[in-house]
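> whatever this is, show me its structure:
(chains A and B)
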There are 2 protein chains.
Amino acid sequence: MTDFISNITAVAEEFEQHFAAHLPPVAGLQGKVIEAMRYTSLGGGKRLRPFFVVQTARMLGYDAPGVWAVASALECVHVYSLVHDDLPCMDDDDVRRGKPTVHKKWDEATAVLAGDALLTHAFDLLARDTVHADPLVRLALIRDLTKASGHDGMIGGQMIDLSMDSLPATEETITRLQDLKTGALIHYGVMAGATLAGADDAARKHLSAYAAHIGLIFQITDDLLDAEGDADTVGKAVQKDDDHGKATFVSILGIDGAKARARDLAEQAAGHLEPFGHKAAPLKSAIDFVLTRNK
Amino acid sequence: MTDFISNITAVAEEFEQHFAAHLPPVAGLQGKVIEAMRYTSLGGGKRLRPFFVVQTARMLGYDAPGVWAVASALECVHVYSLVHDDLPCMDDDDVRRGKPTVHKKWDEATAVLAGDALLTHAFDLLARDTVHADPLVRLALIRDLTKASGHDGMIGGQMIDLSMDSLPATEETITRLQDLKTGALIHYGVMAGATLAGADDAARKHLSAYAAHIGLIFQITDDLLDAEGDADTVGKAVQKDDDHGKATFVSILGIDGAKARARDLAEQAAGHLEPFGHKAAPLKSAIDFVLTRNK
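Sure thing, here's the model as predicted:
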């Protein structure tokens, strides 16, 4: 656990420098939208998705500068989704990572545009020569990111989330929702690392299963933190799900059932890292982290 | 003029079939967002941007099926920008192409997500093998679309538009605004046709100038229609700019000055088509159309 914290912190610090360099500089009559892009992107967050890109690639012996471009592209998509999610018509949040959200600091129109611009910029980053020498690798990274973030990925999950009132509140529905809404980008992080490193099919299969399990554990602990956590520690309002009568893993499986499910998934995830031996230590420590995190 | 109308109508009809096939089918628990994507994309519009992709490629002797994928990707970006532009926090429009806008038919959250999904889908379409055999061509098409639509393109123009109150209302500002907001996607349409066809640098230079002029003429006539047009013919509210005290080409150049500028640009645009001989007839007819359109 301590290992993981120091590890992800080190990656996050290194990432921060690269991310700042991969975002456009504030310039032109439209400077405000670029300012908003940088404001909401820099200076915060665990950088969990970049961690998976970088550490998966390194585990497979790949550590070229292109990993930071891919990590930046993925984080652009994650950040844009938060900016749009925070809008009054969505979750209506005023604070994000301890700062006013973009629509509070500026206005809603700027938040819509800054989100749109970050999403667009992600694909700009992935199309650059510096990402990887093989153009087919760059195209695969682009194509996979559209899948992970589009109507059959993250956006699909957000739509399901907004439609829950009219859908059956079953474990199947919740799992599908979370696989898309949160899982798809985490999965992309791991698989993008594998794609950069040229992993073979067997390795990709194990990594894909690992990533899918990590995403679900992440969401189950999110639900547990909302049900059991302390607002000061978690750093955001808790008991929101219960107050809104929202179906979650906790409401369906109960607290003990949700914990047991998370432990079971963690064991399976660890099994999928065995073929990679001791080099898998950073990814292995991530399992314990998502399982036991308290914020 | 009649030639152009029958020409663009024929392209639009052919495009409609291809566009429908290039959008995802409604499926899954998130079906609503895909329904909204299709609802707002299909069945309307002049399809001016697809026209430029298809006719530029054809003029240069290129007519492979990939042109429809590129035209579809470009139209996805145009349509997403309309969906977000129509939101209450932007232009707050209830009707688009004679139908309720997405946020009126469903709700604002669905409109935000449907727009995001269309933008994402555009890059999915461009990354596909079927677009062009050369992966470097596909990457160039992706990279150029991020430029044309992102913070230094369309989104930048929208930001300038929203910031006009605090910017100098000069011809330079308006030209920059329109180059980005409207011009960039029209320019992309022409240049994407050239990229698909493998046009040489000399041809690209002429086509780039042609496209830039077309974009400006388009916007000048838009401003003239708002100032002089009849709401029934134009198909939307007119005199909006003047009511809002908005700086336009008309407010800066006057009606006669704006008309003279448009005619001058049209002459220059025609000059840039001369090297392509009689094959340039469809692109040439587009100049007359954007110059003399009454809606």
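> switch to C-alpha atoms for all contacts and neighbour counts from now on
Noted.
> enumerate the residues of the stretch 51-200 of chain A near chain B.
Neighbours of chain B within the stretch 51-200 of chain A, by C-alpha under 8 Å from any C-alpha of the partner chain: A:84, A:89-90, A:108-110, A:112-113, A:116-117, A:119-121, A:123-124, A:127-128, A:135-136, A:139-140, A:142-143, A:146-147, A:149-152, A:155-160, A:163, A:167.
> can you select the buried ones from those residues in ChimeraX?
Selection of buried members from these for ChimeraX, criterion 16 or more other C-alpha atoms under 10 Å in any protein chain shown:
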select /A:84,89,90,108,109,110,112,113,116,117,119,120,121,123,124,127,128,135,136,139,140,142,143,146,147,149,150,151,152,155,156,157,158,159,160
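> low-confidence ranges, chain A, go.
Within chain A, the stretches with pLDDT under 70 are A:1, A:230-245.
> what segments of it are strands?
With strands called from DSSP state E, chain A shows them at A:95-96, A:99-100.
> now the ones you listed in CSV, with distance to residue A:22 and mean neighbour count?
Output for these, formatted as CSV (distance: least, C-alpha to C-alpha, whole Å; neighbours: other C-alpha atoms under 10 Å in any protein chain shown):
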stretch, distance to residue A:22, mean neighbour count
strand A:95-96, 22, 16
strand A:99-100, 22, 14
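> can I get those strands in a markdown table including distance to residue B:66?
Formatted as a markdown table, the strands of chain A follow (distance: least, C-alpha to C-alpha, whole Å):
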| stretch | distance to residue B:66 |
| --- | --- |
| strand A:95-96 | 42 |
| strand A:99-100 | 44 |
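> count of neighbours near the residue lying closest to residue A:266 once chain neighbours are set aside?
Counting by C-alpha to C-alpha, 6 or more residues apart in numbering or on different chains, residue A:287 is the residue found nearest to residue A:266 once chain neighbours are left out, at 6.2 Å. If you count neighbours by other C-alpha atoms under 10 Å in any protein chain shown, residue A:287 ends up with 26.
> any chance of the backbone angles for the nearest residue to residue A:95 once chain neighbours are set aside?
Leaving aside its chain neighbours, residue A:95 sits nearest to residue A:101 (5.1 Å; criterion: C-alpha to C-alpha, 6+ apart). Dihedral pair for residue A:101: phi -70, psi 160, per degrees, to the nearest 10.
> ok, the one 5 residues further on next?
Reported as degrees, to the nearest 10, the phi and psi values for residue A:106 are phi -110, psi -100.
> the residue nearest to residue A:266 and residue A:44: what is the separation?
Residue A:287 is 22 Å from residue A:44, where distance means C-alpha to C-alpha, to the nearest Å.
> and the nearest residue in space to residue A:33 that is not next to it in sequence, how many neighbours does it have?
With C-alpha to C-alpha, 6+ apart as the criterion, residue A:33 has its nearest non-adjacent residue at 5.5 Å, and that residue is residue A:114. With neighbours defined by other C-alpha under 10 Å, the count for residue A:114 comes to 31.
> now for the longest helix along chain A, which elements pack on it?
Ranked by residue count and defined by DSSP state H, the top helix of chain A is helix A:201-228. Judged by 3 or more C-alpha pairs under 8 Å, 6 or more residues apart in numbering or on different chains; DSSP states H and E, the packing partners of helix A:201-228 are helix A:171-178, helix A:184-197, helix A:240-243, helix A:249-271, helix A:281-292.
> list the buried ones in it?
So for helix A:201-228, counting by 16+ other C-alpha under 10 Å, buried means A:203-204, A:206-227.
> please apply the same query to stretch A:39-47.
Result for stretch A:39-47 [16+ other C-alpha under 10 Å]: buried residues A:40, A:41, A:47.
> does any bit of that stretch sit next to chain B?
No. Taking C-alpha under 8 Å from any C-alpha as the criterion, stretch A:39-47 and chain B are apart, separated by no less than 14.6 Å.
> quick one: contacts of that stretch?
With C-alpha atoms under 8 Å, 6 or more residues apart in numbering or on different chains as the contact definition, stretch A:39-47 has outside contacts at A:8-9, A:12, A:15-16, A:19-20, A:75-76, A:79, A:83, A:97, A:101-102.
> now that stretch - C-alpha only, CSV.
Output in CSV follows, covering the C-alpha atoms of stretch A:39-47 (Å, rounded to 0.1, in the frame of the first residue of the first chain):
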residue,chain,number,x,y,z
TYR,A,39,-6.9,25.2,-15.3
THR,A,40,-9.1,22.1,-15.1
SER,A,41,-6.4,19.7,-16.3
LEU,A,42,-3.3,20.6,-14.2
GLY,A,43,-2.5,20.4,-10.5
GLY,A,44,-4.5,17.6,-9.1
GLY,A,45,-5.9,14.1,-9.2
LYS,A,46,-4.3,10.8,-8.5
ARG,A,47,-3.6,10.3,-12.3
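> which among the contacts of stretch A:39-47 end up buried?
Counted by 16+ other C-alpha under 10 Å, the contacts of stretch A:39-47 give A:8, A:9, A:12, A:15, A:16, A:19, A:75, A:76, A:79, A:83, A:101, A:102 as buried.
> nearest to chain B, of those?
Nearest to chain B among the buried ones among the contacts of stretch A:39-47: residue A:83, at 11.2 Å, using C-alpha to the nearest C-alpha.
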